[in-house]
Each structure stands twice: as C-alpha cells, then as structure tokens.
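Asks: What follows is a predicted structure for the sequence shown.
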Amino acid sequence: MAEQSATTQDRVPPEVRRRVDELRRLIHRYNYEYYVLNAPTISDAEYDALMLELRRLEEQYPELITPDSPTQRVGAPPAEGFATVQHEIPMLSLANVFSDGEIRAWAQRVYRLSNRSDIEFVTEPKVDGLAVSIVYENGVLVRGATRGDGYTGEDVTNNIRTIRMIPLRLYPPPGVELPRVLEVRGEVYMNVQDFEQLNRERGEQGLSLFANPRNAAAGSLRQLDPSVTASRPLRFAAWDIGRWEGTEPPTTHHAALDFLAQLQIPVVPDYRLCHSINEVIAECHRWQERRDLLEFEADGVVIKVNDRALYQALGVVGREPRGAVAYKFPAHEKTTIVRDVIWSVGRTGKLTPVAILEPVEIGGVIVERATLHNEDEIRRLGLLLGDAVVVQRRGDVIPKIVATIPQRRDGDERPIEIPKQCPVCGAHTVRLEGEVDRYCSNPNCPARLKASIRQFASRNALDIEGLGEKISDLFVDLGLVHSLPDLYTIDWNRVLQLEGFGPKKVENLRKAIEASKQRPFARFLFGLGIRHVGERNAQLLAERFCSIDRLMQATIDDLLEIPGFGPAVAQSVYEFFREPKNREMIERFRQLGVRMAEEEAPARVPARGPLVGKTVVLTGRLETLTRSQAEELLRRAGAHVTESVSRKTDYVVAGAEPGSKYLRAQQLGVPILGEEDLLRMLRDSGIAVEAPIRSSD
C-alpha cells in the first residue's frame, strides 16, 4: 500500500501540484473580494478561466481533489434527512432589552457581579438570519450545523459549503498561526434586495412566497438538496468563536472578530469597542437610526462584555449568558387581516390597489392601509379578502403586504375583483399588452385631474404656495377647474363666496398662481406630469431643447441623444406631445402667458475646474441649497449628476440624514464630500455661491 501511495503521489508533477494550490488560493481571494468586499479585481471571464483550469487539472489528476477545493462546493447528493450535531459549547440565546434604562440596568448587574467598573463592551448589529456553527480543523471546513435548541443542531455541512462567502480552507496571512480546531459562529442571512428578487421569481413561477429574509434564509439552508441551497443568494456574517484548540485564543471579543477578519471570514459589519455604557447606548441609537438604510435585516444590537475571561466568569442564567444582551428595535412587521381593497386613481389614470387592514401597530405607528402595487402583485401573493397577512413597514416607506398566511383561512375569504370600470368616473379601464398596470380610459377623470394639479402645484414644479390638496380637490369638485390651464382662469369672485376663503387668503392664492407663470421651463415640464419625466429628466429636456416648440418637434432619435434617456423615456415624451389634447393644453398655456422657454442660453461649462467631467451623486439634506439648486450648480461646473452610486462615481455629496447611497459609497470607497467641500469646489470652478440661497420650506 505504501508503494502504491508513493506511486500515486509521483504521478502528479510538482509543478501541477503547485499550480493547483495557487489556483485555489487565487479563487479564494477573488471570492472574498467579490462576495465580501464587493470590490472584485478581476472580470467574470478571468474568474471563470481560473475555475476551468482548476477543474481540468483535477479531472486529469483526481487524486488532487479535496473537500476544500472550490470545485467541490456543490457536489453532495440530496440527503434523506439531517443528522444531529451536539454542540460541545452550547450556543445560547440572548436576553432582550428594549430601552436605555434596561441597558443601564443590565450593565449595573455586570458591574456588580464582576466587582469592576472599568469594563469594555463591544456592539454589533444583530443580523436577522439563522445562527450556525462552522468548524475548521487544520484550516479546512469539516462541519456546519444549525444552532437548533442551543445544545443539539442539524448537520448542514453540505449546504454550508455552497455559500461562497464562507471559505472552504483558511489561508492565514504571514505571522498568523491557525488553531488546530476553530469553531466560527455566525448568521446565515439574505440581503433585502436579494430576498425581494427571489420572491419575485417565485411569484412568477407560481411558488409560495417567503414572509421575510429570515424565513427565506432558514428555508434555503435547510434544503435536503444542496443544489437548491446553492441557487439561493445566501450570505454569512461571523459574530463569535466557539471551540479553539491548539494555540492561545484571543483574550477579548474584539480581538476575536479581528482575527476572523484577518482570515478573510466575513464578520458582522462595523463592530465597535465601547469604553462606557454611554458609548454603548449611543451606538444602539446610531444603529437604530441607520436600520432602514442597511442592505440586510437587523432586529437589534448585540452588546457583549469584551473581556472573554470575564464573560465566562459571569456565567449563565437559564439559557442566557450574563455577559451579553440584545437591544431590540421596534418591530418592522406584524400580522393582521385584510378587510377590503380599494382602487386609487393617479394623474396618469393608473389604478393602484390599496389594502384596508385591521389596524395594527408597527414600529410605534398605527397602520391601516398597505399598497398592493398592481393586480399582478395580488395574484403573486394569492391574496383573498379576509386573509391574514404579514405587513411590513420600513422607515417612512408606505407599508406593504409581503406574504399571506393561507393556514389561517376559515373558508369565508373572497376573491378580489379587478375593476372593469374606473371607481371614480365609471369609464372603462384598460391594461395594455406588456404593461403591469391598469388605467382609466377617461382623460378628464376628476381623480386624474386632482392628482395632476397636485404635481403641477408642488414645490419642485410650479411651486404654487397655498394650493394644497384640499383646496385643489375642492376646486375640481365645484367645477372651478376642469384642466390644468383652468388654474389661470379661476372665477375668484366665486371663490370669495366659499366658506373659509376671506379676501386676503384669496388674493394671496391668486398672486401665487399668477407668479407661477414665470417659473423656469424645466419646472413647467416637470409639472406636466409626463410619464418617466422626473425633475432630472425635465432639466435635461429644458437644457437640450430650450423651448416647448423645439421639444414638440423632437423625434425619438433626438430624444435618445440625451444622456440617460432610454427607449421607454424617449417614447413616453414623444407620444405625450403627439397627443392632440396635450397639444391643445400647451396652446392654452401659451395664450395665458405661461413661460415655456429658456430666456437665456444655458451657461457655458468651464473648460477647467475640479468638477469638470466628474460624476456626482447627492444624498441627504443640504442646508444652503435645495437639491435642484445643487444639481444646477454642479452642471454649470461641468459635472454629471446621477442618481445611483457605482464604481464610476467620482464623488458623493452627503448632507444631513444621508440615505443608502452614503453606505454604498463607503462600501465602494467612493470619496464622500460634505456641504462645505461642495461649496468650495463650486467656487474653485468659478461658480459664485453666496450665503444661504435655500428656499424657505
């Protein structure tokens, strides 16, 4: 046997063995860059070429195939069931706290039990997924298990191996010694965006939907067929170490996470060392404020004693360690009952179904309605009137139904009728081929007109102060306004006779409507409510054509020449100005003296300057400029203003309360400018920006 083994070893040339080792290291590194850092340094084609070379070498020399090879991530046949795994060190659950006072009370117990007051803590996001244990022996992944009841879990090794963020073999950097046994504990989870895409695909296939990312992750990891798990967009984040044999383990929790990160094992993001409980509370508040901007679901913040010896000495009460606690955020989702579905009509005539719910409190807010988007969404959810549903509310976003609970049906549920007539004017509804939305066919539908006036009078359009939703709806209901141009021919004597409309209020409103005639051309275009034309596209149209006459003569090819204009936008603009009723409306605006052209040619872009040719993204609230003012100044300085952050973005300008674009910029390493930086660069570009020019809100 020894001679046969030696012969097998001799069959593999040393240079092949070295190349296989090199390929595995390279593929591991590129996986880490792609899946963890989100910053790949090679193309997909180059990565595929490396994998192909490794597969061919392993096919030629099968004796080189090892369980930790990247080619073996999905190689196990479906299992009949999961074996059980005993956790040598129990995977305990954490006690929950819900307020600053409860955090302080927990800390006081830790201080008292330890007889110390100089304790450090570590805070980290409580990623909402499925807890698992991953064991490495001599740097090779040998087992993966779910937490189960904390003492016994399920062996999901073959499924764990399919998650590309999890290394199959550890490659320590120079000077770092691996323990003989290393148990990594963490969370298998799914990003919100990946979860939504997965549910969309399942809905299109007629499959049941997952209620939330946590359930999706758990269901995906517990598949008996590893190839199914491999097809799901699962991720992993380590939050602790368990067993450690062979070398001296880290003495602090913070050092343990640092060690795992050195091994290119993904760890929970932005873990922080805190020297006082006040710092801990500040971190909890920071995470709660950022919660809705995160790419993953987080239901709280984990607080741990940093000193691992002290953590162990504090012991356990019940099944909860005394040295750690979870600060829980208010719930994002609850279950409730759908009592009815009504259909609202927007300015384009689009009918949007809205679910009327049994009132339920979510995150401190009473929720009674939730959007259903369109009739396809109703079918995708399999929703019936009377269904129990999961309702989700993230930040200020309109609540939405994310799943039904068919198991709670009692037989009294009823199908939701798709309206064949407009619920406002009674005209027939249409759904065009290739469209997901249904529309009212009546261009003079009062609901459409009301929504159009709200857009036309809004702050970023014609900015008609005083013409809010209640007044504009009243004017439509009373027959004072039948179209947008009618705003400029209102019978003010009749308005004076209405209750609550005194002479001063009426005169102010009349002046505001009259003043709106002179708003910039771009804002007029935005106010028209052309489909796919928001503020930015309206500005681009105004800059490109300078007048309504030139724009109405534009061909689709002319429109496609505008940067960022695709076929859908170009077709929408072209068709809007080919519609006879819209052309009649434009002519009425002209006769009424509404400005529909640029009086001056746009300012020339400087030939030089720090912003010339740069791609800039704005996020958050600026103190001295409105968003539209900042965009205009940036364009005058030669910059390209875009909506999304990518590796091609040169700068992200972040104001107060920045959104997810700020986090994306941090992940990609895009330079982030403050408002003062922006103003300085504008001045360096020769753009004069005086003290605050922001419009009053």
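Replies: Cool, got the structure. Predicted, not measured: the structure shown is a model, and the values here were computed from it. Residues are numbered from 1 along each chain as shown.
Asks: now the strands for the stretch 1-150 of the chain?
Replies: Using DSSP state E, counting those that start in this stretch, the strands assigned to the stretch 1-150 of the chain run over residues 84-86, 95-97, 121-127, 130-137, 140-146.
Asks: ok now do residue 400, which residues does it touch?
Replies: Neighbour list for residue 400: 370, 371, 372, 373, 391, 392 [criterion: C-beta atoms under 8 Å, 6 or more residues apart in numbering]. Any C-beta I mention is one placed from the backbone N, CA and C, and that applies to glycine too.
Asks: isn't the third one right up against residue 354?
Replies: Yes. Between residue 372 and residue 354 there is a contact under C-beta atoms under 8 Å: 6.6 Å.
Asks: Which one of the two is surrounded by more residues?
Replies: Shown here are residue 372 and residue 354; by other C-beta atoms under 10 Å, residue 372 has more neighbours (22 against 16).
Asks: Give me the nearest residue to the more buried one, chain neighbours excluded.
Replies: residue 353 (4.1 Å; C-beta to C-beta, 6 or more residues apart in numbering).
Asks: my guess is that neighbour is in a strand, correct?
Replies: Yes. With DSSP: H, G, I helix; E, B strand; the rest coil as the criterion, residue 353 is located in a strand.
Asks: ok, it to residue 645 distance?
Replies: Residue 353 is 33 Å from residue 645, where distance means C-beta to C-beta, to the nearest Å.
Asks: Flag the shaky bits of the stretch 1-150 of the chain, pLDDT-wise.
Replies: With pLDDT under 70 as the threshold, the stretch 1-150 of the chain has low-confidence stretches at 1-10, 34-40, 44, 74-80.
Asks: make it 90
Replies: Low-confidence segments of the stretch 1-150 of the chain, defined by pLDDT under 90, span residues 1-17, 24-82, 84, 92-99, 117, 148-150.
Asks: That one: helices as residue ranges?
Replies: Listed in chain order, the helices of the stretch 1-150 of the chain (DSSP state H, counting those that start in this stretch) span 2-11, 14-31, 44-60, 100-114.
Asks: and of the strands of the stretch 1-150 of the chain, who's closest to residue 60?
Replies: Nearest to residue 60 among those is strand 140-146 (22.8 Å), distances taken as C-beta to C-beta.
Asks: which helices and strands sit right next to the next helix or strand after that closest one?
Replies: With elements assigned by DSSP states H and E, the helix or strand that comes after strand 140-146 is strand 152-154. Contact here means 3 or more C-beta pairs under 8 Å, 6 or more residues apart in numbering; DSSP states H and E; on that basis strand 152-154 packs against strand 84-86, strand 140-146.
Asks: quick one: which of the helices of the stretch 1-150 of the chain is nearest residue 144?
Replies: Counting by C-beta to C-beta, residue 144 lies closest to helix 14-31 out of these; the figure is 16.8 Å.
Asks: How far off centre is the closest one?
Replies: With C-alpha atoms, centre = their mean, to the nearest Å as the basis, helix 14-31 stands 36 Å off its chain's centre.
Asks: That helix: which residues count as buried?
Replies: The neighbour-count check on helix 14-31 (16 or more other C-beta atoms under 10 Å) flags 20, 23, 24, 26, 27, 28, 30, 31 as buried.
Asks: same check, this time on stretch 310-321
Replies: Of the residues in stretch 310-321, 310, 311, 314, 321 count as buried by neighbour count, 16+ other C-beta under 10 Å.
Asks: ditto for stretch 681-689
Replies: The neighbour-count criterion (16+ other C-beta under 10 Å) identifies 681, 682, 685, 687, 689 as the buried residues of stretch 681-689.
Asks: Quick one: mean pLDDT for it?
Replies: Across stretch 681-689, the average pLDDT comes to 81.
Asks: what's the offset of that stretch from the middle of its chain?
Replies: The chain centre lies 34 Å from the centre of stretch 681-689; the measure is C-alpha atoms, centre = their mean.
Asks: Check stretch 354-372 too.
Replies: Its chain's C-alpha centre lies 21 Å from the corresponding centre of stretch 354-372 when counted by C-alpha atoms, centre = their mean.
Asks: For stretch 612-622, measure first residue to last.
Replies: 22 Å (C-alpha to C-alpha, to the nearest Å).
Asks: Residues touching stretch 653-661, excluding its own?
Replies: For stretch 653-661, the external contacting residues (C-beta under 8 Å, 6+ apart) are 293, 295, 616-623, 630, 644-645, 652, 662, 665, 672-675, 677-678.
Asks: May I see the buried residues of that stretch?
Replies: Residues of stretch 653-661 classed as buried: 653, 654, 655, 658, 661 (neighbour count, 16+ other C-beta under 10 Å).
Asks: In those residues, find the pair that's most separated.
Replies: Taking every pair in the buried residues of stretch 653-661 and measuring C-beta to C-beta, the maximum separation is 11.1 Å, between 655 and 661.
Asks: Spell out which residues make up each domain of the chain.
Replies: Structural domains of the chain, as assigned by automatic domain parsing, span the residue ranges 2-72, 95-328, 333-430, 446-518, 521-591, 615-684.
Asks: And those: which comes nearest residue 439?
Replies: By C-beta to C-beta (comparing all of the domains of the chain), the closest turns out to be domain 333-430, at 4.2 Å.
Asks: quick one on the thing from earlier: what's the closest of the helices of the stretch 1-150 of the chain to residue 135?
Replies: Residue 135 lies closest to helix 14-31 among those, at 18.2 Å (C-beta to C-beta).
Asks: helices or strands up against that closest one?
Replies: Judged by 3+ C-beta pairs under 8 Å, 6+ apart, helix 14-31 is in contact with helix 44-60.
Asks: pull the CA atoms of the helix it packs on into PDB?
Replies: Provided in PDB are the C-alpha atoms of helix 44-60 (Å, rounded to 0.1, in the frame of the first residue of the first chain):
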ATOM      1  CA  ASP A  44     -16.100  37.300 -14.500                       C
ATOM      2  CA  ALA A  45     -14.400  35.900 -17.600                       C
ATOM      3  CA  GLU A  46     -11.000  35.800 -15.900                       C
ATOM      4  CA  TYR A  47     -12.500  34.200 -12.800                       C
ATOM      5  CA  ASP A  48     -14.300  31.500 -14.900                       C
ATOM      6  CA  ALA A  49     -11.000  30.800 -16.700                       C
ATOM      7  CA  LEU A  50      -9.300  30.100 -13.400                       C
ATOM      8  CA  MET A  51     -12.100  27.800 -12.300                       C
ATOM      9  CA  LEU A  52     -12.000  26.000 -15.600                       C
ATOM     10  CA  GLU A  53      -8.200  25.400 -15.400                       C
ATOM     11  CA  LEU A  54      -8.600  24.000 -11.800                       C
ATOM     12  CA  ARG A  55     -11.400  21.700 -12.900                       C
ATOM     13  CA  ARG A  56      -9.400  20.400 -15.800                       C
ATOM     14  CA  LEU A  57      -6.300  19.700 -13.600                       C
ATOM     15  CA  GLU A  58      -8.500  17.900 -11.100                       C
ATOM     16  CA  GLU A  59     -10.100  15.800 -13.800                       C
ATOM     17  CA  GLN A  60      -6.700  14.900 -15.100                       C
END
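Asks: Just the buried positions in that helix, please.
Replies: Residues of helix 44-60 classed as buried: 47, 50, 54, 57, 58 (neighbour count, 16+ other C-beta under 10 Å).
Asks: In CSV: these, plus distance to residue 417.
Replies: CSV is the format used below for those (distance: C-beta to C-beta, whole Å):
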residue, distance to residue 417
47, 51
50, 56
54, 57
57, 62
58, 59
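Asks: what do residue 372 and residue 354 both touch?
Replies: Shared contacts of residue 372 and residue 354, defined by C-beta under 8 Å, 6+ apart, are found at residue 341.
Asks: Residue 563: what secondary structure?
Replies: On the three-state scheme (three-state DSSP), residue 563 is labelled coil.
Asks: and the gap between it and residue 470?
Replies: As it turns out, when the distance is counted by C-beta to C-beta, residue 563 lies 40 Å from residue 470.
Asks: Next, find the distance separating residue 120 from residue 260.
Replies: With distances taken as C-beta to C-beta, residue 120 is found 19 Å from residue 260.
Asks: the more surrounded of the two?
Replies: Neighbours per residue, other C-beta under 10 Å: of residue 120 and residue 260, the larger number sits with residue 260, 23 against 18.
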